[in-house]
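> predicted model follows, preceded by the sequence.
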Amino acid sequence: MSLQSHWYRRSWLTLVLTPVAWLFCALAMLRRKAYASGVLQVRQFSAPVIVVGNITVGGSGKTPLVVWLVNELREHGYRPGIVSRGYGGRASSWPQQVRPDSDPRTVGDEPVLLAQRCACPVAVGPDRAAAVEALLAHSDCDVVISDDGLQHYAMGRTLEIAVVDGVRRLGNGQCLPAGPLREPASRLQDVDFVVTNGLPGRLEYAMKLEGGQACKLSDPARCQPLEKFKGEPVHAAAGIGYPERFFGHLRRYGLQVVEHPYADHHPYAEGELRFGDEAPVLMTEKDAVKYRRYADPQHWSVPVSAQLDSRLSERLLALLEERRPRNP
């Protein structure tokens, strides 16, 4: 049984690790206070920065929210750009500019997906502040969205949005390694908005992920409703933080799912998603970005889009306008 499986219940292992978790929480709080007090330097920027992150390890739905946010800002006259870490990318130097046809092996899978879905400037690098500076220097962006980075306090921010998994919530409520928390649960009281992927709690905004079609990897223009896959088993591959969410999504459309979970950001090899039969293979968009070069006609991608409470847009835009940097 993996350590992560203990994070969503109480067990003897989490009890043993609790003192280490207390130390982790304490160090996380001290680090944040060091940036807030000026002991550690925070870089500020000429454009507002909106951080979309979480306080837990594992997927919670940040990427679809970033796509929604880009589209929402663009509709209201902004020119958004995105920064991300580029996790898994093997570039020899950072930061890197990302295009829709960039190699995910170089810059990471999620940034390429965002460049394809959002059609806006994207910059990546482990140093988020340097990525923001590069983005602003090489584009006409007037607002920056950070995909993840809630704990990257060297990067100044204008707004913070924390995403919570509506099913797993905060697990057992403990910090690493006894639980899934990167910071104490009280951190959520300090962000500007809490968005819940699923059923929201008090003072949270609901987000629903919708995606009722699958598109052929070898011919992306060819899409069909998921219901057309009913009546036969389908293979489902998911190399994301919480694969069970993808499998459950397919089952809600009545599909008979053969599960193939992989680690988040899994680097697929050629032929890895062939399972010895002719059954369709459905995968997430993030997996499709990496596997497209190896695709057979049986491989399909299932894109999803975020639907959010309309009140979030109104309040976020008002707060952004209130806090955005003003030229002297």
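Looks like it arrived, so ask away.
> stretch 24-44: how far from the chain's middle?
24 Å (C-alpha atoms, centre = their mean, to the nearest Å).
> any buried residues in that stretch, and which?
24, 25, 28, 32, 35 (16 or more other C-beta atoms under 10 Å). C-beta: built from backbone N, CA, C; applies to glycine.
> now stretch 165-172
165, 166, 168, 169, 170, 171, 172.
> may I ask which two of those are separated the most?
The distance between the two most remote of these (C-beta to C-beta) is 16.7 Å, for 166 and 172.
> circling back to that earlier point, need the buried residues of stretch 165-172 in a markdown table (columns: secondary structure, pLDDT and distance to residue 260).
What follows is the buried residues of stretch 165-172, written out as a markdown table (DSSP: H, G, I helix; E, B strand; the rest coil; pLDDT from 0 to 100; distance: C-beta to C-beta, whole Å):
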| residue | secondary structure | pLDDT | distance to residue 260 |
| --- | --- | --- | --- |
| 165 | strand | 93 | 21 |
| 166 | coil | 91 | 24 |
| 168 | coil | 90 | 21 |
| 169 | coil | 93 | 26 |
| 170 | coil | 94 | 28 |
| 171 | coil | 92 | 24 |
| 172 | coil | 93 | 27 |
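> just these now: which is nearest residue 86?
Nearest member of the buried residues of stretch 165-172 to residue 86, counting by C-beta to C-beta, is residue 165, at 23.4 Å.
> which one is residue 123 nearest to, not counting chain neighbours?
Using C-beta to C-beta, 6 or more residues apart in numbering and skipping the chain neighbours, the partner closest in space to residue 123 is residue 135 (4.0 Å).
> show me the contacts for residue 302.
Shown in contact with residue 302 (C-beta atoms under 8 Å, 6 or more residues apart in numbering): 211, 213, 214, 215, 226, 246, 249, 250, 282, 283, 284, 285.
> all helices for the protein, in order.
3-6, 12-36, 62-75, 104-107, 109-118, 128-137, 243-251, 285-291, 310-323 (DSSP state H).
> please parse the protein into its domains.
3-78+142-208+308-323, 212-303 (automatic domain parsing).
> got those domains as CSV, with distance to residue 86 columns?
Shown next, in CSV, are the domains of the chain (distance: least, C-beta to C-beta, whole Å):
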stretch, distance to residue 86
domain 3-78+142-208+308-323, 10
domain 212-303, 10
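> ok, which of the ones you listed comes nearest residue 105?
Nearest of these (C-beta to C-beta): domain 212-303, 7.2 Å.
> and that closest one, how far out from the chain's middle?
Distance, centroid of domain 212-303 to centroid of chain: 19 Å (C-alpha atoms, centre = their mean).
> residues contacting residue 165?
56, 58, 59, 60, 61, 196, 197, 198, 242, 245.
> and for the nearest residue to residue 76 once chain neighbours are set aside, the neighbour number?
Distance criterion C-beta to C-beta, 6+ apart; nearest residue to residue 76, sequence neighbours excluded, is residue 317 at 5.9 Å. Residue neighbour count, defined by other C-beta atoms under 10 Å, stands at 15 for residue 317.
> quick check: residue 317 vs residue 272, distance?
For residue 317, the distance to residue 272 (C-beta to C-beta, to the nearest Å) stands at 43 Å.
> before we move on, the earlier item: state the distance from the residue nearest to residue 76 to residue 69.
Counting by C-beta to C-beta, the gap from residue 317 to residue 69 is 11 Å.
> among the contacts of residue 165, name the buried ones.
56, 59, 60, 61, 196, 197, 198, 242, 245.
> among these, show me the least confident.
Taken together, those show their lowest pLDDT at residue 59, with 79.
> residues contacting that residue?
165, 240, 241, 242, 245, 264.
> go again with 7 Å.
240, 241, 242, 264 (C-beta atoms under 7 Å, 6 or more residues apart in numbering).
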